[in-house]
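Asks: Model the following, please.
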Amino acid sequence: GMPLLSGDFDQNQQNEIYLFTQLNDSILLHSISDFEHQDSVISCRLIARVRMVNGQSDAFIIPADMDDLNGDGYRELMFGVSTGFSKYPRKLFGYDIKNDTLYQTNYNLYSLTNILQADIFGDGKYEYFPFGYASDNIKESDTGFPYHDRSCWLTGFDRQLKPLFQPVEFPGVYGGLTLFTLSDKNDKNHLVGLYHYPKEATKPDLLMKINSEGQIIQSYILPDKFKSGAGRVFVLPFKDQDFLGYYQSRDSLLLFDENFLMVDILKPGFIPGTIHIYDLDMDGADECIILNQKPQELIIAKPGFRFLTRIPLSIENYDLARISFKNEPGKRPVLFINEGKKNYYFEYNPNPMYYARFGIYAGIYLGLFLFSLLVRKIQRSQLQRQYLAEKKIAELQLKIVRNQMDPHFAMNAITSVISAIGQNKTEE
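Replies: Residues are numbered from 1 along each chain as shown. Predicted structure coming up:
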């Protein structure tokens, strides 16, 4: 596929759009810097010749981030070109737009799927590590092609795209090699590799820490996968350092530090296709931009998979889906997803009601609390009135009884007095 790429080569805070096309056996590069005036920076720049079979080629572009290779203040357009069954071109390229100079690796590589740009020397500059899988398209018997497709090959290149070390072979058809960088608490980058053994090998995945000379200095055998589709590994920013996240299942994401020690287990509830890290809302904290395959959706989350935002998508081939970001002065970044003929643009803005909801929740709680106090006050008032009414009724009933008793008491007293007087007279 020939995707659209975006980048800011002159660092003027406005991205250009770069388009690759193919004319006969030629891959050509074009660029537009101003959509309104259709200003063209590059037009029909020859990048490479490709092999044609029945009038078609199987070449495709592997995007990478722009990088100032020669330190002149202008960024080079970085990318790779790979193929299916064709032997060439399978190289990394860096195009110096300002000086119209094309850098490239001096030999062809195996079946590539991605390019890792990593600062492994701690000088603030990228080195380049392409990786892919053993597709079995080009055999060992094919002459003039030492890095065939029946193995994966660990390779690294400096800023002039010269080899850092001799390629390291991982034999086995349909094996897969993935590379990452892991930043520890001291901001030191570690080159980490994940090797998927061929299925017939029935071996669990292998994590490897690799030094700048291509030597494996530490390895770790990952636990068995629980479900189909698991086994993916991603670098996740978490707290004050990066961690490797290994998906054992939809509900089991194991986090490892740079020494391959398990530090936590998360339950995200999904297995993503790809994860990109970028500060979309410009709040100083990176978001995880995730392309999820089942269901097909874009997920944006804070580290630790908090505060998920889910957007339905329709993507036919996740292997061809590419994510990039467009930056303009004074504006939030635009998320750009390219998948063949489909393009998606997203702007990610904080929900102004998100933090207001805490005030709303507090207001609702306070309202309910005050309402409960009012109800209790009304109930107490009703009980007080009922008590006073019952007390008054009791007093009235007692008064009536007393009033009824008073005449009888008086008559009895008089009768007793008269009787006593009469008795006294008789005795005399």
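Asks: three-state assignment of Leu398?
Replies: helix (DSSP: H, G, I helix; E, B strand; the rest coil).
Asks: Oops, could you answer that again for Arg380 instead?
Replies: helix.
Asks: what's the neighbour count on it?
Replies: 10 (other Cβ atoms under 10 Å). No exception for glycine: its C-beta is placed from N, CA and C like everyone else's.
Asks: quick one: it from Phe170, how far?
Replies: According to Cβ to Cβ, to the nearest Å, Arg380 and Phe170 sit 80 Å apart.
Asks: For stretch 178-196, measure first residue to last.
Replies: 8 Å (Cα to Cα, to the nearest Å).
Asks: Let's test this: mean pLDDT of that stretch, rounded?
Replies: Average pLDDT, stretch 178-196: 87.
Asks: Who does Lys115 form a beta bridge with?
Replies: For the record, residue 115 is Ile, not Lys. Here Ile115 shows beta-bridge partners Pro130, assigned using DSSP bridges.
Asks: Thr155 versus that one, what's the distance?
Replies: To Thr155, Ile115 is 11 Å away according to Cβ to Cβ.
Asks: so what sits against both of the two?
Replies: Phe129, Pro130 (Cβ atoms under 8 Å, 6 or more residues apart in numbering).
Asks: tell me the contacts of the closest residue to Asp279 other than its chain neighbours?
Replies: Spatial nearest neighbour of Asp279, chain neighbours left out: Asp286 (5.1 Å); criterion: Cβ to Cβ, 6 or more residues apart in numbering. Contacts for Asp286 (Cβ under 8 Å, 6+ apart) come out as Pro237, Ile277, Tyr278, Asp279, Pro303.
Asks: The stretch 1-150 of the chain: strands as residue ranges?
Replies: Using DSSP state E, counting those that start in this stretch, the strands of the stretch 1-150 of the chain run over 4-7, 16-23, 26-34, 39-49, 60-63, 77-82, 91-96, 101-104, 112-118, 127-132.
Asks: need those strands in a markdown table with distance to Phe270 and mean pLDDT, can you?
Replies: Output for those, formatted as a markdown table (distance: least, Cβ to Cβ, whole Å; pLDDT from 0 to 100):
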| stretch | distance to Phe270 | mean pLDDT |
| --- | --- | --- |
| strand 4-7 | 28 | 83 |
| strand 16-23 | 32 | 89 |
| strand 26-34 | 37 | 86 |
| strand 39-49 | 38 | 83 |
| strand 60-63 | 25 | 91 |
| strand 77-82 | 29 | 94 |
| strand 91-96 | 33 | 95 |
| strand 101-104 | 39 | 95 |
| strand 112-118 | 21 | 93 |
| strand 127-132 | 24 | 96 |
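Asks: What residues are bridge-paired with the residue nearest to Asp100 when sequence neighbours are not counted?
Replies: With Cβ to Cβ, 6+ apart as the criterion, Asp100 has its nearest non-adjacent residue at 7.5 Å, and that residue is Arg45. On the basis of DSSP bridges, Arg45 is bridged to Leu29.
Asks: From what I see, Arg45 and Leu29 are in contact.
Replies: Yes - if you go by Cβ atoms under 8 Å, Arg45 and Leu29 touch, sitting 4.4 Å apart.
Asks: Report the set of residues contacting both of the two.
Replies: When contacts are counted by Cβ under 8 Å, 6+ apart, the set common to Arg45 and Leu29 consists of Tyr95.
Asks: Now Gly330. Its backbone dihedrals?
Replies: With angles defined as degrees, to the nearest 10, Gly330 sits at phi 80, psi 0.
Asks: quick one on the thing from earlier: so for the residue nearest to Asp279, what's the pLDDT?
Replies: At Asp286, the predicted lDDT confidence score is 79.
Asks: Quick one: the helices in this structure, in order.
Replies: Ranges of helices within the chain are 352-427, based on DSSP state H.
Asks: coming back round to it: sitting in strands, which of the contacts of Asp286 do you find?
Replies: Pro237, Ile277, Tyr278 (DSSP state E).
Asks: Just name the closest of the residues you listed to Asn292, please.
Replies: Ile277 (15.9 Å; Cβ to Cβ).
Asks: any idea how far the residue nearest to that closest one when sequence neighbours are not counted lies from Ile300?
Replies: Closest residue to Ile277 apart from its sequence neighbours, by Cβ to Cβ, 6+ apart: Asp286 at 4.8 Å. Note on Asp286: its distance to Ile300, by Cβ to Cβ, is 11 Å.
Asks: can you check Glu140 too?
Replies: For Glu140, the distance to Ile300 (Cβ to Cβ) stands at 45 Å.
Asks: Please apply the same query to Lys125.
Replies: 30 Å.
Asks: Mind checking which of those two has more residues around it?
Replies: The neighbour comparison of Lys125 against Ile300 (other Cβ under 10 Å) goes to Ile300, with 19 against 15.
Asks: before we move on, back to that, could you export the strands of the stretch 1-150 of the chain as a markdown table, including distance to Val263 and mean neighbour count?
Replies: Putting those into a markdown table (distance: least, Cβ to Cβ, whole Å; neighbours: other Cβ atoms under 10 Å) gives the following:
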| stretch | distance to Val263 | mean neighbour count |
| --- | --- | --- |
| strand 4-7 | 35 | 20 |
| strand 16-23 | 40 | 17 |
| strand 26-34 | 44 | 18 |
| strand 39-49 | 44 | 15 |
| strand 60-63 | 32 | 20 |
| strand 77-82 | 33 | 24 |
| strand 91-96 | 34 | 22 |
| strand 101-104 | 40 | 16 |
| strand 112-118 | 22 | 19 |
| strand 127-132 | 25 | 23 |
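Asks: between those, which one is nearest to Lys342?
Replies: strand 4-7 (11.2 Å).
Asks: Give me the packing partners of the closest one, helices and strands only.
Replies: Secondary-structure packing of strand 4-7 (3 or more Cβ pairs under 8 Å, 6 or more residues apart in numbering; DSSP states H and E): strand 16-23, strand 77-82, strand 322-326.
Asks: on contacts alone, who are the packing partners of the second one?
Replies: Spelled out, it's strand 77-82. Packing contacts for strand 77-82, counted by 3+ Cβ pairs under 8 Å, 6+ apart, involve strand 4-7, strand 60-63, strand 91-96, strand 112-118, strand 127-132.
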